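>>> sequence and computational prediction follow.
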Amino acid sequence: MKIKFCFLLLLMAGLSFAQSKQFIYEYRFKMDSLNRDQSETENMVLLTSPKGSIFYSQVGYVHDSVMTATIKNAKVTQNNHFDFTDLKQPKISFEVTKSYPDYKIMLKRSIGSTRLGIANDKKIEWKISNEKSQVLGYDVQKATAKWRGRNWVAWFAPEIPLQDGPYEFSGLPGLIVKIEDSKGDHSFNLVATKNITATEEYSSMKPREIPVSEDKFRKLWKEYKEDPVKDMRQMNISASGAKVVAFSFGGKSYTPEEMMKETEKSRKEELKKINNFLELDLYR
(Lines give C-alpha, C1' and ligand atoms only; values in the text may rest on other atoms or scores of the structure.)
Protein backbone atom coordinates (compact mmCIF):
# COMPACT_ATOMS: atom_id res chain seq x y z
CA MET A 1 0.00 0.00 0.00
CA LYS A 2 2.88 2.38 0.84
CA ILE A 3 4.45 1.80 -2.60
CA LYS A 4 1.13 2.51 -4.33
CA PHE A 5 0.70 5.69 -2.28
CA CYS A 6 4.20 6.94 -3.20
CA PHE A 7 3.51 6.23 -6.88
CA LEU A 8 0.24 8.17 -6.62
CA LEU A 9 2.05 11.17 -5.15
CA LEU A 10 4.58 11.16 -8.01
CA LEU A 11 1.79 10.86 -10.57
CA MET A 12 -0.09 13.77 -9.04
CA ALA A 13 3.09 15.90 -9.06
CA GLY A 14 3.67 15.04 -12.72
CA LEU A 15 0.10 15.93 -13.64
CA SER A 16 0.41 19.22 -11.75
CA PHE A 17 3.47 20.29 -13.71
CA ALA A 18 1.99 19.01 -16.98
CA GLN A 19 -0.40 21.95 -16.88
CA SER A 20 0.62 25.22 -18.61
CA LYS A 21 3.15 27.12 -16.53
CA GLN A 22 5.34 30.15 -16.99
CA PHE A 23 8.88 30.09 -15.61
CA ILE A 24 10.43 33.56 -15.73
CA TYR A 25 14.22 33.73 -16.09
CA GLU A 26 16.56 36.69 -15.94
CA TYR A 27 18.91 36.37 -18.90
CA ARG A 28 22.19 38.22 -18.34
CA PHE A 29 24.51 38.48 -21.32
CA LYS A 30 27.66 40.18 -22.57
CA MET A 31 27.43 40.59 -26.33
CA ASP A 32 30.76 42.40 -26.78
CA SER A 33 33.62 40.01 -26.03
CA LEU A 34 36.06 42.94 -25.98
CA ASN A 35 34.07 44.74 -23.27
CA ARG A 36 33.13 42.11 -20.69
CA ASP A 37 32.65 44.73 -17.97
CA GLN A 38 29.29 45.64 -19.50
CA SER A 39 26.33 43.26 -19.36
CA GLU A 40 22.65 43.55 -20.22
CA THR A 41 19.55 41.75 -18.98
CA GLU A 42 16.20 40.71 -20.37
CA ASN A 43 13.41 38.73 -18.73
CA MET A 44 12.69 35.54 -20.66
CA VAL A 45 9.71 33.20 -20.38
CA LEU A 46 9.75 29.41 -20.50
CA LEU A 47 6.12 28.50 -21.20
CA THR A 48 5.42 24.79 -20.73
CA SER A 49 2.36 22.79 -21.74
CA PRO A 50 1.60 19.06 -22.03
CA LYS A 51 2.79 19.13 -25.68
CA GLY A 52 6.03 21.06 -25.27
CA SER A 53 7.57 24.39 -24.40
CA ILE A 54 8.53 27.73 -25.92
CA PHE A 55 11.19 30.14 -24.67
CA TYR A 56 10.86 33.81 -25.61
CA SER A 57 11.50 37.40 -24.52
CA GLN A 58 8.82 38.89 -22.27
CA VAL A 59 9.46 42.38 -23.65
CA GLY A 60 9.61 41.05 -27.20
CA TYR A 61 6.16 39.49 -26.91
CA VAL A 62 4.61 42.78 -25.75
CA HIS A 63 6.49 44.68 -28.48
CA ASP A 64 5.32 42.36 -31.27
CA SER A 65 1.74 42.35 -29.97
CA VAL A 66 1.54 46.16 -29.96
CA MET A 67 3.10 46.50 -33.42
CA THR A 68 0.78 43.86 -34.90
CA ALA A 69 -2.31 45.48 -33.36
CA THR A 70 -1.22 48.95 -34.55
CA ILE A 71 -0.70 47.82 -38.14
CA LYS A 72 -3.99 45.90 -38.20
CA ASN A 73 -5.80 48.97 -36.89
CA ALA A 74 -4.09 51.14 -39.52
CA LYS A 75 -5.51 48.96 -42.28
CA VAL A 76 -9.00 49.60 -40.96
CA THR A 77 -8.54 53.35 -40.43
CA GLN A 78 -6.35 53.77 -43.57
CA ASN A 79 -3.67 55.44 -41.47
CA ASN A 80 -0.30 55.50 -43.26
CA HIS A 81 1.76 56.72 -40.29
CA PHE A 82 2.95 54.36 -37.57
CA ASP A 83 4.25 55.92 -34.35
CA PHE A 84 6.28 53.53 -32.19
CA THR A 85 8.13 56.23 -30.22
CA ASP A 86 7.05 55.01 -26.77
CA LEU A 87 7.29 51.30 -27.55
CA LYS A 88 10.01 49.56 -25.55
CA GLN A 89 12.40 47.70 -27.84
CA PRO A 90 13.39 44.12 -26.94
CA LYS A 91 17.07 43.24 -26.72
CA ILE A 92 16.42 39.57 -27.54
CA SER A 93 14.58 38.27 -30.60
CA PHE A 94 15.38 34.53 -30.63
CA GLU A 95 12.86 31.88 -29.59
CA VAL A 96 13.30 28.20 -28.80
CA THR A 97 10.59 25.55 -29.01
CA LYS A 98 10.83 21.99 -27.69
CA SER A 99 8.41 19.13 -28.31
CA TYR A 100 7.53 16.63 -25.57
CA PRO A 101 8.39 13.87 -24.89
CA ASP A 102 11.30 13.69 -27.37
CA TYR A 103 12.58 17.21 -26.60
CA LYS A 104 13.39 17.99 -30.21
CA ILE A 105 14.60 21.59 -30.47
CA MET A 106 13.78 24.36 -32.92
CA LEU A 107 15.95 27.47 -32.55
CA LYS A 108 14.34 30.50 -34.23
CA ARG A 109 16.76 33.31 -35.00
CA SER A 110 16.69 36.27 -37.36
CA ILE A 111 19.35 37.41 -39.78
CA GLY A 112 18.30 40.92 -40.69
CA SER A 113 14.56 40.75 -41.33
CA THR A 114 14.60 37.07 -42.30
CA ARG A 115 13.30 34.62 -39.68
CA LEU A 116 15.12 31.27 -39.73
CA GLY A 117 14.45 27.98 -37.95
CA ILE A 118 17.25 25.54 -37.10
CA ALA A 119 16.09 22.08 -36.02
CA ASN A 120 18.22 20.09 -33.61
CA ASP A 121 17.56 16.61 -32.21
CA LYS A 122 20.98 16.21 -30.56
CA LYS A 123 20.94 15.37 -26.87
CA ILE A 124 23.02 17.28 -24.34
CA GLU A 125 25.50 14.98 -22.59
CA TRP A 126 25.22 16.03 -18.96
CA LYS A 127 27.61 15.06 -16.17
CA ILE A 128 25.68 15.14 -12.89
CA SER A 129 27.66 16.03 -9.78
CA ASN A 130 26.93 15.18 -6.14
CA GLU A 131 27.25 18.88 -5.29
CA LYS A 132 24.02 20.44 -3.99
CA SER A 133 22.79 23.91 -3.10
CA GLN A 134 19.64 26.05 -2.94
CA VAL A 135 18.22 28.40 -5.57
CA LEU A 136 15.04 30.42 -5.02
CA GLY A 137 14.12 28.12 -2.13
CA TYR A 138 14.55 24.94 -4.18
CA ASP A 139 17.02 22.19 -3.34
CA VAL A 140 19.19 21.92 -6.45
CA GLN A 141 21.95 19.71 -7.81
CA LYS A 142 24.87 20.58 -10.08
CA ALA A 143 25.44 19.32 -13.62
CA THR A 144 27.91 20.30 -16.36
CA ALA A 145 27.89 20.00 -20.15
CA LYS A 146 29.38 21.36 -23.35
CA TRP A 147 26.86 22.91 -25.74
CA ARG A 148 27.05 25.29 -28.70
CA GLY A 149 30.79 25.75 -28.25
CA ARG A 150 30.53 26.71 -24.58
CA ASN A 151 31.05 24.92 -21.25
CA TRP A 152 28.02 25.22 -18.96
CA VAL A 153 27.34 24.76 -15.25
CA ALA A 154 23.67 24.06 -14.47
CA TRP A 155 21.64 23.66 -11.29
CA PHE A 156 18.45 21.63 -11.52
CA ALA A 157 15.58 21.11 -9.05
CA PRO A 158 14.44 17.46 -8.77
CA GLU A 159 11.29 18.62 -6.91
CA ILE A 160 10.09 20.30 -10.14
CA PRO A 161 9.53 17.20 -12.33
CA LEU A 162 10.23 18.78 -15.73
CA GLN A 163 13.23 17.77 -17.82
CA ASP A 164 13.24 21.23 -19.35
CA GLY A 165 15.02 24.54 -18.86
CA PRO A 166 15.82 27.90 -20.45
CA TYR A 167 16.97 28.27 -24.05
CA GLU A 168 17.86 24.87 -25.62
CA PHE A 169 18.69 23.23 -22.30
CA SER A 170 16.86 20.08 -21.20
CA GLY A 171 17.47 16.45 -20.24
CA LEU A 172 18.10 16.65 -16.50
CA PRO A 173 15.87 14.97 -13.86
CA GLY A 174 14.30 18.27 -12.80
CA LEU A 175 13.81 21.81 -14.10
CA ILE A 176 17.02 23.75 -14.74
CA VAL A 177 16.67 26.81 -12.51
CA LYS A 178 20.14 28.29 -13.01
CA ILE A 179 22.77 27.92 -15.71
CA GLU A 180 25.87 29.89 -16.70
CA ASP A 181 28.72 29.43 -19.15
CA SER A 182 32.27 29.06 -17.84
CA LYS A 183 33.31 32.57 -18.91
CA GLY A 184 30.33 34.24 -17.24
CA ASP A 185 29.17 35.74 -20.55
CA HIS A 186 25.67 34.20 -20.59
CA SER A 187 23.50 33.13 -17.66
CA PHE A 188 19.85 32.26 -16.97
CA ASN A 189 18.40 32.48 -13.46
CA LEU A 190 14.86 31.54 -12.48
CA VAL A 191 13.17 34.50 -10.76
CA ALA A 192 9.45 33.63 -10.74
CA THR A 193 6.85 30.99 -11.66
CA LYS A 194 3.21 31.34 -12.63
CA ASN A 195 0.29 29.05 -13.47
CA ILE A 196 -1.54 30.26 -16.56
CA THR A 197 -4.92 29.73 -18.20
CA ALA A 198 -5.59 28.84 -21.83
CA THR A 199 -6.38 32.51 -22.62
CA GLU A 200 -2.89 33.52 -21.48
CA GLU A 201 -1.04 31.03 -23.67
CA TYR A 202 1.57 32.27 -26.10
CA SER A 203 0.85 33.01 -29.72
CA SER A 204 3.87 34.18 -31.71
CA MET A 205 3.46 37.43 -33.63
CA LYS A 206 6.63 36.85 -35.62
CA PRO A 207 6.60 35.72 -39.26
CA ARG A 208 6.85 32.00 -39.92
CA GLU A 209 10.46 30.90 -39.97
CA ILE A 210 12.27 29.41 -42.97
CA PRO A 211 13.81 26.03 -42.08
CA VAL A 212 17.58 25.94 -42.66
CA SER A 213 20.48 23.69 -41.75
CA GLU A 214 23.29 24.94 -39.51
CA ASP A 215 25.61 25.15 -42.54
CA LYS A 216 23.05 27.22 -44.45
CA PHE A 217 22.66 29.53 -41.46
CA ARG A 218 26.42 30.12 -41.33
CA LYS A 219 26.44 30.94 -45.08
CA LEU A 220 23.56 33.43 -44.68
CA TRP A 221 25.26 35.05 -41.69
CA LYS A 222 28.45 35.54 -43.73
CA GLU A 223 26.43 37.18 -46.53
CA TYR A 224 24.62 39.41 -44.03
CA LYS A 225 27.90 40.75 -42.64
CA GLU A 226 28.90 41.72 -46.19
CA ASP A 227 25.55 43.44 -46.95
CA PRO A 228 23.34 43.96 -43.85
CA VAL A 229 20.37 45.55 -45.68
CA LYS A 230 20.14 43.18 -48.63
CA ASP A 231 16.81 41.84 -47.30
CA MET A 232 15.30 45.35 -47.00
CA ARG A 233 16.43 46.25 -50.50
CA GLN A 234 14.73 43.16 -51.90
CA MET A 235 11.55 43.95 -49.95
CA ASN A 236 11.49 47.50 -51.35
CA ILE A 237 11.86 46.20 -54.92
CA SER A 238 8.99 43.72 -54.46
CA ALA A 239 6.82 46.43 -52.85
CA SER A 240 7.47 49.08 -55.55
CA GLY A 241 4.26 50.83 -56.52
CA ALA A 242 2.70 50.31 -53.09
CA LYS A 243 1.42 53.24 -51.04
CA VAL A 244 4.22 55.07 -49.20
CA VAL A 245 4.04 54.95 -45.42
CA ALA A 246 5.98 56.72 -42.67
CA PHE A 247 7.33 55.43 -39.37
CA SER A 248 8.19 57.25 -36.15
CA PHE A 249 10.87 56.11 -33.73
CA GLY A 250 12.30 58.22 -30.93
CA GLY A 251 10.08 61.15 -31.89
CA LYS A 252 11.43 61.32 -35.46
CA SER A 253 9.62 60.34 -38.67
CA TYR A 254 11.24 58.32 -41.45
CA THR A 255 10.31 57.47 -45.01
CA PRO A 256 11.08 53.89 -46.15
CA GLU A 257 14.26 55.14 -47.87
CA GLU A 258 15.42 56.96 -44.74
CA MET A 259 14.60 53.91 -42.67
CA MET A 260 16.86 51.79 -44.89
CA LYS A 261 19.77 54.20 -44.49
CA GLU A 262 19.33 54.36 -40.71
CA THR A 263 18.98 50.58 -40.51
CA GLU A 264 22.14 50.03 -42.57
CA LYS A 265 24.06 52.40 -40.28
CA SER A 266 22.78 50.80 -37.07
CA ARG A 267 23.32 47.23 -38.31
CA LYS A 268 26.92 47.96 -39.28
CA GLU A 269 27.53 49.49 -35.85
CA GLU A 270 25.94 46.45 -34.19
CA LEU A 271 28.16 44.07 -36.13
CA LYS A 272 31.21 45.75 -34.60
CA LYS A 273 29.94 45.30 -31.03
CA ILE A 274 27.80 42.17 -31.12
CA ASN A 275 30.26 39.30 -31.44
CA ASN A 276 29.63 37.07 -28.44
CA PHE A 277 26.51 35.10 -29.36
CA LEU A 278 25.14 32.22 -27.32
CA GLU A 279 25.83 29.91 -30.27
CA LEU A 280 29.57 30.18 -30.85
CA ASP A 281 29.31 27.24 -33.24
CA LEU A 282 26.76 29.03 -35.49
CA TYR A 283 28.45 32.43 -35.73
CA ARG A 284 32.05 31.36 -36.10
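Cool, got the structure.

>>> contacts only, for the nearest residue to K21 once chain neighbours are set aside.
The shortest distance from K21 to any non-neighbouring residue, by CB to CB, 6 or more residues apart in numbering, is to T48 (5.1 Å). Glycine gets a C-beta too; all of them are placed from N, C-alpha and C. Contact analysis of T48 by CB atoms under 8 Å, 6 or more residues apart in numbering lists F17, S20, K21, F23, L162, D164.

>>> T48 should be in a helix, yeah?
No - secondary structure of T48 (DSSP: H, G, I helix; E, B strand; the rest coil): strand, not part of a helix.

>>> which residues does it bridge with?
K21, S53 (DSSP bridges).

>>> for P90, see how far away it is.
T48 is 21 Å from P90, where distance means CB to CB, to the nearest Å.

>>> please apply the same query to K230.
23 Å.

>>> shaky segments in the stretch 51-200 of the chain?
Applying pLDDT under 70 to the stretch 51-200 of the chain flags the ranges 60-88, 198-200.

>>> what segments of it are helices?
58-77 (DSSP state H, counting those that start in this stretch).

>>> how about the strands in it?
Taking DSSP state E, counting those that start in this stretch, the strands of the stretch 51-200 of the chain run over residues 52-57, 81-83, 95-99, 105-111, 114-120, 127-135, 138-147, 150-157, 175-181, 186-195.

>>> turn those strands into TSV, including mean neighbour count.
Output for the strands of the stretch 51-200 of the chain, formatted as TSV (neighbours: other CB atoms under 10 Å):
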stretch	mean neighbour count
strand 52-57	22
strand 81-83	14
strand 95-99	20
strand 105-111	20
strand 114-120	16
strand 127-135	11
strand 138-147	18
strand 150-157	21
strand 175-181	24
strand 186-195	17
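
>>> out of the ones you listed, nearest to M259?
Of all the strands of the stretch 51-200 of the chain, strand 81-83 sits nearest to M259, with 10.9 Å by CB to CB.

>>> thought T193 was touching K21?
Yes - the pair T193 / K21 is scored as a contact, 6.4 Å apart, by CB atoms under 8 Å.

>>> check whether P228 really touches I274, as I assumed.
No - counting by CB under 8 Å, P228 does not reach I274; the two are 11.6 Å apart.

>>> neighbour count winner among those two?
Taking other CB atoms under 10 Å, P228 and I274 do not tie; P228 has more neighbours (19 against 13).
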